[in-house]
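Next come a sequence and a model predicted from it.
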Amino acid sequence: MISVADTPYYHITSRCVRRAFLCGVDHYSGRSYGHRRQWVVDRIRLLSSLFAIDVCAYAIMSNHYHLALKVCPKQLDGLSEDDIMERWCALFKGPLLVQNYRNGEDLQPFERAAVSEIVDVWRKRLSSVSWFMRCLNQPIARQANREDGCTGKFWESRFNSHALKSEEALLSCMAYVDLNPVRAGIADIPGTSSFTSIKERLDAEITLQDAIDDQTASGDILDFRSPLKPLLHFENGGSAKRQTGIPFGFKEYLALIDWTGRSLRSDKHGHIENSLPPILARLRITPEQWRSNTTQFEAIHRRRFNREVPRLNTG
């Protein structure tokens, strides 16, 4: 499911199994669970700061959420064993041997070697989408179950993953994710789409202390005081250098999101063809193809999963 050698970019979805919904309104009882959306956003941003995984886009809906992730294992190359332990132990206590080492106790050579072996395993896990999703979904499920006063399964499955093997796939995925509330009729424009990456990029409002307070209140282990990693940055495409960010210009992307958002509205359809964003022309994507991509993304790219396409620059 995950092969960084093929592409570092992946579209991840996770869906709630219960009628009570993840973050929506239970129409049977009338109770709203909208406050849970912030749980998910805070957890995503915290985990991105701990893992070698960047967030390109996200959208938290009423009974599911979408993520567009970039796996970046090279981010861990320069970290010492102590750095890896600090990150992992912000989420888990770790075995007693590691706790003794971190408390400054003297260890026998074989014990110190065992610590190194444990840290090597943690280093690999910190660039694993599976572990990222485990650390995201399990605490949310526990917190929701405590609030609901019940036990049992909260998520429909572990998660679904689609590889994004081309610039077209990455771009259409991000637009699909950012415009999910617009397509669902929850928001009129991307700027009012709460709990989405596009609104966060426009508002630029998130603080480390907010995430720390929320995670601590939930009872989860948290002892990581470095600044939160921002959403993955945009870079202008067409550069000869290796890309480290999203291979598009941010202004280009905003223009595309605005154009697409208006084209998805029935009262605006057919009135904006002359303002086709240059980014689509550069990627040779027709308006009809783009609309199909951004309204049927999951179905289209599930069919294309095994098709060979040009690989992205994976810097």
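In hand now; what should we look at?

doesn't residue 57 fall inside a helix?
No - assigned with DSSP: H, G, I helix; E, B strand; the rest coil, residue 57 falls outside any helix and is strand.

How about the contacts made by it?
By CB atoms under 8 Å, 6 or more residues apart in numbering, the contact set of residue 57 is 66, 67, 68, 173, 174, 177, 178, 196, 197, 198, 231. (Each C-beta comes from the backbone N, C-alpha and C, glycine too.)

Generate TSV for those residues, with secondary structure as supplementary columns.
What follows is the contacts of residue 57, written out as TSV (three-state DSSP):
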residue	secondary structure
66	strand
67	strand
68	strand
173	helix
174	helix
177	helix
178	helix
196	strand
197	helix
198	helix
231	coil
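
Show me where the protein has its helices.
Secondary structure of the chain (DSSP state H): helices at 36-50, 81-88, 96-102, 109-125, 129-148, 167-178, 180-183, 197-203, 208-217, 250-263, 278-282, 287-295, 297-303.

buried residues in the longest one?
Burial within helix 129-148, assessed by neighbour count using 16 or more other CB atoms under 10 Å, is assigned to 129, 131-137, 139-141, 143-144.

what residues go with each domain of this protein?
The chain resolves into domains spanning 9-72+127-303, 82-125 when parsed by automatic domain parsing.

Packed most tightly, which of those domains would that be?
domain 9-72+127-303 (a mean of 17; mean count of other CB atoms under 10 Å).

pLDDT (mean, whole number) over that domain?
Average pLDDT, domain 9-72+127-303: 79.

hmm, back to that, and residue 73, which of the helices of the chain is closest to it?
When the helices of the chain are compared by CB to CB, helix 109-125 sits nearest residue 73, at 8.3 Å.

quick one: contacts of the closest one?
By CB under 8 Å, 6+ apart, helix 109-125 touches 76, 79, 81, 84-85, 87-88, 94-95, 97-98, 101, 107, 131.

the inter-axis angle of it versus helix 81-88?
On the basis of axes from the mean of the first three to the mean of the last three CA atoms, to 10 degrees, helix 109-125 is oriented at 60 degrees to helix 81-88.

Helix 109-125 relative to helix 129-148, how many degrees between them?
80 degrees.

export helix 109-125 as CSV, just CAs?
Only the C-alpha atoms of helix 109-125 are listed here, as CSV (Å, rounded to 0.1, in the frame of the first residue of the first chain):
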residue,chain,number,x,y,z
PRO,A,109,26.9,-2.4,27.5
PHE,A,110,24.4,-5.1,26.4
GLU,A,111,21.5,-2.9,27.8
ARG,A,112,22.8,0.1,25.9
ALA,A,113,22.9,-2.0,22.7
ALA,A,114,19.3,-3.1,23.3
VAL,A,115,18.3,0.6,23.6
SER,A,116,19.9,1.3,20.2
GLU,A,117,18.0,-1.6,18.7
ILE,A,118,14.8,-0.3,20.1
VAL,A,119,15.5,3.2,18.8
ASP,A,120,16.2,1.8,15.3
VAL,A,121,12.7,0.3,15.3
TRP,A,122,11.2,3.6,16.4
ARG,A,123,13.1,5.5,13.7
LYS,A,124,11.4,3.3,11.0
ARG,A,125,8.0,3.7,12.7
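
Tell me how far it lies from the chain's centre.
In terms of CA atoms, centre = their mean, to the nearest Å, the centre of helix 109-125 is set 28 Å apart from its chain centre.

mind starting the numbering at 11 from now?
Sure thing, new numbering starts at 11, so read that last one as helix 119-135.

so can I have CSV of the contacts of helix 119-135 showing distance to residue 19?
Listed next are the contacts of helix 119-135 as CSV, based on distance: CB to CB, whole Å:
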residue, distance to residue 19
86, 18
89, 23
91, 29
94, 24
95, 29
97, 22
98, 25
104, 31
105, 34
107, 37
108, 33
111, 36
117, 41
141, 18
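
Taking those residues together, which two end up most distant?
117 and 141 (26.1 Å).

give me every residue that touches the nearest residue to residue 71 once chain neighbours are set aside.
What sits nearest to residue 71 in space, not counting adjacent residues and going by CB to CB, 6 or more residues apart in numbering, is residue 190, at 6.1 Å. Neighbouring residues of residue 190 by CB under 8 Å, 6+ apart: 69, 71, 76, 203, 206.
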